[in-house]
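Asks: Please find the sequence and the predicted model below.
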Amino acid sequence: MALKYILNTLKRLVVLFLLLLVTVSCSTWKVGNSGQAKIAQKTYVIIGASSGMGRGVAEELGKYKANVVLAARRTDLLEEIASIIRKSGGTALVVTADISKPEDLEAVRTAALKEYSKIDVWINMAGVTAVGRFWEVPMEDQMRVIDVNLKGFFYGSRTAVEQFIIQGEGVLINVASVMGEIPLAYQSSYSATKSGIRSLSLALSQELRLNGYDKIKVVTIEPWAVDTPIWRHAANYTGVEPKMAMMDEPDKVVNAVLRKSLRPKKVVPVGWKAEVSSFSANVFPRFSEWLGGNMAQKYMIEMGPEASDTKGSLYNPIPEGRGIDDGADERMKEYKKDKKKNK
């Protein structure tokens, strides 16, 4: 009898898991014509728009004729992206900002309202990371990751929600990571901030609900490792180039962000790898941590190519890493190929 119950429970879990996979695959599809029409003329604020997923979202919004407020530290690059958006049929406003400075985010809000009168969607996408053994990464670098990735998201969320309460509606999107559910070895500060973002967003959702703000939605996006310039921008103390296994392309996350700006959902693991990880984190948490740790050991510590210690873009922006996809996955494949050839 007990065996039958266990088998039936397992069957239900498998069915539920398959349904979750189907649902999450839909979130990575490109926005359809009706969705594009809904996006047109809406105003989107993107904090962290100069490269990677933020740039991808910005350029896609331009194709859909949206009003796009671009905020990041690299003004020249934002101007380049703004030009692409305008040529695609959208409108763009550039505001130089550091997410770790609340006064900068208030300036973004003021500029957006002056230009467009309303903010429909506010997206916090800025992010930095420090890779290495916890006791070898300088503590000031760990705290800088927290200043940007967690405190910055508090500042951005507060700025957005204050405006949405005045308007009576709006969508706040916080881009976290599946590392918010499975903390990863050698990225302790990054993992901690992503867990914090997830908790912040969920707690904020409940506060809004309890206080009658049903038209203000908060979304947490949880990607798997993505091939963006964050790997090139990382503070790195491992001795090898930062990377991760089976990285996703940024377009999956771009599509998920845009889709959930129209149909908000509290937590959105992006793609099957993130969905499997989220499922595993809740069902087999210790095993998931062990497996993730072993992957990090292989790809972040043991596998080359060699690289010097660097603070990356933690404190100041760097010129490298200007695109959406940064080619980290291709560099890793080339390294493996060359290593195999030279054996």
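Replies: In hand now; what should we look at?

Asks: pLDDT value on T28, please?
Replies: As predicted, T28 sits at a pLDDT of 86.

Asks: no, scratch that, I was asking about L78
Replies: 98.

Asks: Quickly find the element holding it.
Replies: If you go by DSSP states H and E, L78 is part of helix 75-88.

Asks: buried stuff in that helix?
Replies: 77-78, 81-82, 85, 88 (16 or more other Cβ atoms under 10 Å). Bear in mind the C-beta positions are built from the backbone N, C-alpha and C, glycine included.

Asks: Which strands or helices does the top strand by length along the chain pack on?
Replies: When every strand of the chain is counted residue by residue (DSSP state E), the longest turns out to be strand 216-223. If contacts are counted by 3 or more Cβ pairs under 8 Å, 6 or more residues apart in numbering; DSSP states H and E, strand 216-223 sits against helix 152-167, strand 170-175, helix 188-210, helix 250-262, strand 267-270, helix 271-283.

Asks: partners of the most centrally placed residue in the chain in the sheet?
Replies: Closest to where the C-alpha atoms of the chain average out (Cα atoms, centre = their mean) is V175, at 3.6 Å. On the basis of DSSP bridges, V175 is bridged to I221.

Asks: unless I'm mixing things up, it is touching V219, no?
Replies: No. Between V175 and V219 there is no contact under Cβ atoms under 8 Å: 9.2 Å.

Asks: on that earlier part again, can you read off the pLDDT for the residue nearest to the centre of the chain?
Replies: We have a pLDDT of 98 for V175.

Asks: show me where pLDDT drops low in the stretch 1-150 of the chain?
Replies: The model of the stretch 1-150 of the chain has pLDDT under 70 over residues 1-25.

Asks: 90 instead?
Replies: Along the stretch 1-150 of the chain, the parts satisfying pLDDT under 90 run over 1-28.

Asks: Helices of that one, start to end?
Replies: 2-27, 33-39, 52-63, 75-88, 102-116, 139-146 (DSSP state H, counting those that start in this stretch).

Asks: Output these as TSV; include the columns distance to V283.
Replies: Output for the helices of the stretch 1-150 of the chain, formatted as TSV (distance: least, Cβ to Cβ, whole Å):
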stretch	distance to V283
helix 2-27	8
helix 33-39	33
helix 52-63	28
helix 75-88	41
helix 102-116	38
helix 139-146	29
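
Asks: Looking at these, spot the one closest to D338.
Replies: For D338, the closest of these is helix 52-63, at 26.4 Å, according to Cβ to Cβ.

Asks: Of all the residues in that closest one, which ones are buried?
Replies: So, applying 16+ other Cβ under 10 Å, buried residues of helix 52-63: 52-62.

Asks: Specify which member of these is nearest to L208.
Replies: V57 (23.2 Å).

Asks: Now do the same for K243: its pLDDT.
Replies: For K243, the model assigns a pLDDT of 88.

Asks: From D325, how far off is it?
Replies: Distance from K243 to D325, counting by Cβ to Cβ, to the nearest Å: 14 Å.

Asks: So for K311, what's the nearest residue that isn't a sequence neighbour?
Replies: Excluding its sequence neighbours, the residue lying closest to K311 (Cβ to Cβ, 6 or more residues apart in numbering) is A235, at 4.8 Å.

Asks: which ones are touching the one you found?
Replies: For A235, the contacting residues are 128-132, 137, 141, 144-145, 310-312, 314, by Cβ atoms under 8 Å, 6 or more residues apart in numbering.

Asks: tell me which residues form a beta bridge with it?
Replies: Bridge pairing for A235 - DSSP bridges - gives A130.

Asks: quick one: it from D141, how far?
Replies: Taken as Cβ to Cβ, the span from A235 to D141 is 5 Å.

Asks: Give me the common contacts of these two.
Replies: The contact sets of A235 and D141 overlap at 130, 311, 314 (Cβ under 8 Å, 6+ apart).

Asks: and the closest residue to A82 other than its chain neighbours, how many neighbours?
Replies: Closest residue to A82 apart from its sequence neighbours, by Cβ to Cβ, 6+ apart: A92 at 3.7 Å. Number of residues near A92 (other Cβ atoms under 10 Å) recorded here: 23.

Asks: Make sure A92 is actually in contact with G62.
Replies: Yes. A92 is in contact with G62 according to Cβ under 8 Å; the separation is 7.0 Å.

Asks: Give me the common contacts of these two.
Replies: Shared contacts of A92 and G62, counting by Cβ under 8 Å, 6+ apart, come down to 68, 85-86.

Asks: of all these, which comes closest to I166?
Replies: Using Cβ to Cβ, the shared contacts of A92 and G62 come closest to I166 at V68, 21.2 Å.

Asks: hang on, isn't that closest one packed against L93?
Replies: Yes. The pair V68 / L93 is scored as a contact, 7.4 Å apart, by Cβ under 8 Å.

Asks: Find the residues that touch each one of the two.
Replies: Common contacts of V68 and L93 (Cβ under 8 Å, 6+ apart): A82.

Asks: neighbour-wise, which of those two wins?
Replies: Ranked by neighbour count (other Cβ under 10 Å), V68 and L93 place V68 first, with 29 against 20.

Asks: how about the more buried one, what does it touch?
Replies: Counting by Cβ under 8 Å, 6+ apart, V68 has contacts 43-44, 46, 49, 58, 61-62, 82, 85, 90-93.
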